[in-house]
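Asks: sequence first, predicted model second:
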Amino acid sequence: MPELSETVNTGFEHYYEKLRVDLRTWVASLTEEQFWRNPFPYGNSVGHLVLHLTGNLNYYIGAQIAETGYVRDRPREFAETKLPSKLEALAEFDNAIEMVKATVRKQSAEDWSAPYSGTGVTCENRFAIVLDCAAHADHHIGQILNLARELVR
């Protein structure tokens, strides 16, 4: 029987890949203009949500667990005016997902229960933050699905 950490690692790795595929599926039909346009007077564009998810993963998992040195500017994720292309934003998201998957693969049982600290979260250990980041990404990808449906109407 596989060690529990191997099961956790594989489960997280597959789930984060599913998130990547889901995001790409929902934004595939959006034009460059639609990707960055917010169809509502509130909230964010699909593009800014992608920047936010990328920053979130790069900070909470990349900088704090993988020690990548990433420095986050969270307000800029929602207010960026020097917009990358849709392809560039998606490529950066893909890179963040690959980093998360590589980091998850390296975790031992002891690593999963290691204490965690990061600005703006109250997760006790690495397992909790990786789970929290997956839930956060899933939530925003749901928003992206709704925005994409509105934008292509």
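Replies: Perfect, thanks for sending it. Here the structure is a predicted model, which means the values were calculated and not measured.
Asks: residues touching Asn58, list them.
Replies: 68, 70, 72, 96, 99 (C-beta atoms under 8 Å, 6 or more residues apart in numbering). All C-beta spots, glycine's among them, are computed from the backbone N, C-alpha and C.
Asks: hang on, it in a strand?
Replies: No. Read with DSSP: H, G, I helix; E, B strand; the rest coil, Asn58 is helix and lies in no strand.
Asks: OK, contacts around Ala148?
Replies: 26-27, 29-30, 34, 46.
Asks: please read the previous query as pertaining to Phe12.
Replies: 100-101, 104, 130-131, 134 are the contacts of Phe12 under C-beta under 8 Å, 6+ apart.
Asks: including distance to Ala91, pLDDT and secondary structure, could these go into JSON lines?
Replies: Converted to JSON lines, the contacts of Phe12 look like this (distance: C-beta to C-beta, whole Å; pLDDT from 0 to 100; DSSP: H, G, I helix; E, B strand; the rest coil):
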{"residue": "Val100", "distance to Ala91": "15", "pLDDT": "98", "secondary structure": "helix"}
{"residue": "Lys101", "distance to Ala91": "16", "pLDDT": "98", "secondary structure": "helix"}
{"residue": "Val104", "distance to Ala91": "20", "pLDDT": "98", "secondary structure": "helix"}
{"residue": "Val130", "distance to Ala91": "22", "pLDDT": "98", "secondary structure": "helix"}
{"residue": "Leu131", "distance to Ala91": "26", "pLDDT": "98", "secondary structure": "helix"}
{"residue": "Ala134", "distance to Ala91": "21", "pLDDT": "98", "secondary structure": "helix"}
